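K.L.:
need coordinates for the below:
(chains A and B)
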Amino acid sequence: MPIKQQSDIKIWKRRSGKRQLGIWFGQFIGVAIFVYCWQLVSENTIWMFVADAPRQAVDMMERMVPPKWSYMSNLWRPIWDTITIATLGTLMAVVFAFPIAFLAARNTTPSSVFVRPVALFIIVASRSINSLLWALMLVTILGPGVFAGVLAIGFRSIGFCAKLLYEAIEEIDEAQVEAVTATGASGAQILNYGIVPQILPAFAGISVFRWDINIRESAILGLVGAGGIGLQLSSSIDTVTWTQVSVILLVILVTVVASEWVSAKVRHAII
Amino acid sequence: MSASRSWKRPPIIERPLLRWGLTTGGVLFLVLSIGTMEVNWERVAAGVPRAERFIASFFPPDFTSKSTDIWAGIIESLWMTVVSTVIGILLSIPVGLGATRNLSPRYVYLISRGILAVSRTFPEIIVALFAVKLFGFGPFAGIIALSIGSIGFYGKLLAEDIEDMDPVQAEAVKATGASWFQWLNYSVQPQVMPRMIGLAMYRFDINFRESAVLGIVGAGGIGATLITSFDRYEFSSSAAILLIIIGIVMVVEYSSGFIRKWVQ
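P.N.:
Residues are numbered from 1 along each chain as shown, chains lettered A, B, ... in the order given. Modelled structure (predicted):
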């Protein structure tokens, strides 16, 4: 414990002088970087628009009420599509993530020199590319529609599910695996009876968690033409029909809250 | 007695009614959703050569012909990420403190939780859509969207972490007669700091990834460059940009691991 001696009184200090200096230096660098970046922001912003924004915001809000409830009848299909995209996408991701996770986990990978890096690269690549970017690519290739959305959500979620799953596989209890091995089980049987039962709760939890996220993501895929309610949102904003926009936002809000509730319930039941 | 006694593993859901109910429900939903999904297979088939061209353009990606645009876009994305992460976290600290049951009065708690819930519900891109309407095209709208997203994310996790902290330490510091700020600084902050620094890095990572798509709605960043290259079917430039994004995300992820270890 660093203590500073001042004539006769001992004063407690949280850190030693050197360490405190180091922290100050780090903070100074951080502030300098932020100030520099803020300067760049300032150069690229038309402050007149920003100053005008509060008035614009109030104006926009006023135009949003009352919501045009009759527009709901056009929304049931997009809502269904959104849920379809999220669910089928999650399903696809889970099916692919399962084997990839086994290839990526340190204790189950067939080869840590050749197979594991490939699996890890698939995971990182899938995770780094936002589902909107996946959708953008797939719409260019497959044409607009729900199908592209499902694939986009699927590709994006493979990495997420596989990452969490392989971490779960690496944390399993080896004693159980050993016990199953001792009965003379084959490789596949060890997997089936020794490892899978241990990760099944985590697996279910991860899938539901991702499904919840995917509901949110599939609500915006329409912006690039991959189906779902985002299509209605962007066209309503483009045609400045704010009363429709408010209905859509409320629908998204309700869907997201409902999916979050379902996911929390299911995860609670599992764990 | 019987020679054919065999063990069966227990089902995951024990109540048979619930089990079969969920299974039928799941299958029914699958049939319905696949049935209503209209796939235009002719269009998909027509896309195959384009897909081949797209995949082929990764070998090799074209880093050079659009290098100034790509470079400018990456740099823009990076400073957008820095500014929005810092602003988002700074704003999320008071909100997060307010959203803790053990620190703040009931009405502050409810208001703060409300702010967090709203800012977490809407994806960044929808917020960006509105920000572009309000602030005009450009990175500022993107920064607003990312900051709002960061508040919801960081504030919620901060609040949860503070609620989970060890109350004994907090009480000990309070017993020395510390003022409220001293109390925060010496008992609460050291307990949550290591995890929070890790989460700040994680949010930085998320913000960078998000900044890559904000360009779709005109909110600046590398996304704009990417969209342009897509629209012009310059797939080898798109491939280069995608690879750069993956590379930066990997670097941030690894360095965040190191920083977290160093902090703890």
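
K.L.:
ok, the residue nearest the centre of chain B to A:Ile199 distance?
P.N.:
To find the centre residue of chain B, average its C-alpha atoms and take the closest one (Cα atoms, centre = their mean): that gives B:Ile206, at 4.4 Å. Here the criterion is Cβ to Cβ, to the nearest Å. By it, B:Ile206 lies 26 Å from A:Ile199. C-beta coordinates here come from the backbone N, C-alpha and C atoms, glycine included.

K.L.:
regarding the residue nearest to the centre of chain B, which helix or strand does it belong to?
P.N.:
Under the criterion DSSP states H and E, the helix or strand holding B:Ile206 is helix B:189-214.

K.L.:
show me what that helix is packed against.
P.N.:
The elements that helix B:189-214 packs onto, with contact taken as 3 or more Cβ pairs under 8 Å, 6 or more residues apart in numbering or on different chains; DSSP states H and E, are helix A:131-142, helix B:67-98, helix B:124-135, helix B:139-163, helix B:222-231, helix B:235-263.

K.L.:
and the very next helix or strand once past the fourth one, what does it pack against?
P.N.:
In other words, helix B:139-163. Using DSSP H and E, the helix or strand that follows helix B:139-163 towards the C-terminus is helix B:167-175. Under the contact criterion of 3+ Cβ pairs under 8 Å, 6+ apart, helix B:167-175 touches helix B:180-183.

K.L.:
off-centre distance for the helix it packs on?
P.N.:
Relative to its parent chain, helix B:180-183 has a centroid offset of 32 Å by Cα atoms, centre = their mean, to the nearest Å.

K.L.:
what's the closest non-adjacent residue to B:Leu103?
P.N.:
B:Leu97 (6.0 Å; Cβ to Cβ, 6 or more residues apart in numbering or on different chains).

K.L.:
pretty sure the one you found contacts B:Ile162?
P.N.:
Yes: applying Cβ atoms under 8 Å as the test, B:Leu97 and B:Ile162 come out as touching, 7.1 Å apart.

K.L.:
neighbour count: those two, which is higher?
P.N.:
Counting neighbours by other Cβ atoms under 10 Å in any protein chain shown for B:Leu97 and for B:Ile162 shows that B:Ile162 has the greater number, 23 against 18.

K.L.:
what residues does the stretch 51-200 of chain A put near chain B?
P.N.:
Contact residues, the stretch 51-200 of chain A versus chain B (Cβ under 8 Å from any Cβ of the partner chain): A:53, A:56-57, A:60, A:80-81, A:83-84, A:87-88, A:91, A:124-125, A:127-130, A:132-133, A:136-137, A:140-143, A:145-147, A:150, A:193, A:197, A:200.

K.L.:
inside strands: which ones of these?
P.N.:
Helix and strand membership here follows DSSP state E; of these, not one is in strands.

K.L.:
can you select the buried ones among those residues for me in ChimeraX?
P.N.:
One line in ChimeraX is enough to select the buried ones among those; burial here means 16 or more other Cβ atoms under 10 Å in any protein chain shown:
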select /A:53,60,80,81,83,84,87,88,91,124,125,127,128,129,130,132,133,136,137,140,141,142,143,145,146,147,150,193
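
K.L.:
number of nearby residues for the residue lying closest to B:Ala224 once chain neighbours are set aside?
P.N.:
Nearest-residue entry for B:Ala224: B:Gly215, 3.4 Å, with adjacent residues in sequence omitted and distances by Cβ to Cβ, 6+ apart. Taking other Cβ under 10 Å as the neighbour definition, B:Gly215 ends up with a count of 23.

K.L.:
got the residues of the stretch 101-250 of chain B near chain A?
P.N.:
So far as Cβ under 8 Å from any Cβ goes, the stretch 101-250 of chain B lies against chain A at B:121-123, B:125-126, B:129-130, B:133-136, B:138-140, B:143, B:186, B:209-210, B:212-213, B:216-217, B:220, B:226-227, B:230, B:233, B:238, B:242, B:245-246, B:249-250.

K.L.:
outline the domain layout of the chain.
P.N.:
Just going to use chain A. The record assigns chain A these domain ranges, following automatic domain parsing: A:1-44, A:74-270.

K.L.:
please go with chain B instead
P.N.:
As recorded under automatic domain parsing, the domains making up chain B are B:16-55, B:66-263.

K.L.:
will you turn those domains into a markdown table that also has mean pLDDT?
P.N.:
As requested, the domains of chain B are arranged in a markdown table below (pLDDT from 0 to 100):
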| stretch | mean pLDDT |
| --- | --- |
| domain B:16-55 | 82 |
| domain B:66-263 | 87 |
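
K.L.:
now do the SS call for B:Val108.
P.N.:
Under DSSP: H, G, I helix; E, B strand; the rest coil, the three-state class of B:Val108 is helix.

K.L.:
the closest residue to it other than its chain neighbours and B:Leu30: what is the separation?
P.N.:
Spatially, and ignoring its direct neighbours in sequence, B:Val108 is nearest to B:Gly98 (4.7 Å; Cβ to Cβ, 6+ apart). Look at B:Gly98 and B:Leu30: by Cβ to Cβ, they are 44 Å apart.

K.L.:
what's the answer for B:Val39, then?
P.N.:
In this structure, B:Val39 lies at 15 Å from B:Leu30, with Cβ to Cβ as the measure.

K.L.:
now do B:Leu18
P.N.:
Distance of B:Leu18 to B:Leu30, given as Cβ to Cβ: 18 Å.

K.L.:
what's around residue 192, how many residues?
P.N.:
I went with chain A, as the question did not name one. By the measure other Cβ under 10 Å, the count of residues near A:Asn192 is 14.

K.L.:
hm, I was asking about chain B
P.N.:
The burial metric for B:Val192, expressed as a neighbour count using other Cβ under 10 Å, is 18.

K.L.:
which residues sit in contact with the nearest residue to it once chain neighbours are set aside?
P.N.:
With Cβ to Cβ, 6+ apart as the criterion, B:Val192 has its nearest non-adjacent residue at 4.6 Å, and that residue is B:Asp161. Neighbouring residues of B:Asp161 by Cβ atoms under 8 Å, 6 or more residues apart in numbering or on different chains: B:192, B:195-196.

K.L.:
can you give me the helices in the stretch 151-271 of chain A?
P.N.:
Across the stretch 151-271 of chain A, reading from the start of the chain, the helices by DSSP state H, counting those that start in this stretch fall at A:174-182, A:187-190, A:196-218, A:230-238, A:242-270.

K.L.:
how about the CA coordinates for the first one, as PDB?
P.N.:
Below are the C-alpha coordinates for helix A:174-182, written out as PDB (Å, rounded to 0.1, in the frame of the first residue of the first chain):
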ATOM      1  CA  GLU A 174     -13.800 -34.000 -19.000                       C
ATOM      2  CA  ALA A 175     -14.600 -36.600 -16.300                       C
ATOM      3  CA  GLN A 176     -17.900 -37.400 -18.000                       C
ATOM      4  CA  VAL A 177     -16.300 -37.800 -21.300                       C
ATOM      5  CA  GLU A 178     -13.700 -40.100 -19.800                       C
ATOM      6  CA  ALA A 179     -16.500 -42.200 -18.100                       C
ATOM      7  CA  VAL A 180     -18.200 -42.700 -21.500                       C
ATOM      8  CA  THR A 181     -14.900 -43.500 -23.200                       C
ATOM      9  CA  ALA A 182     -14.300 -46.100 -20.500                       C
END
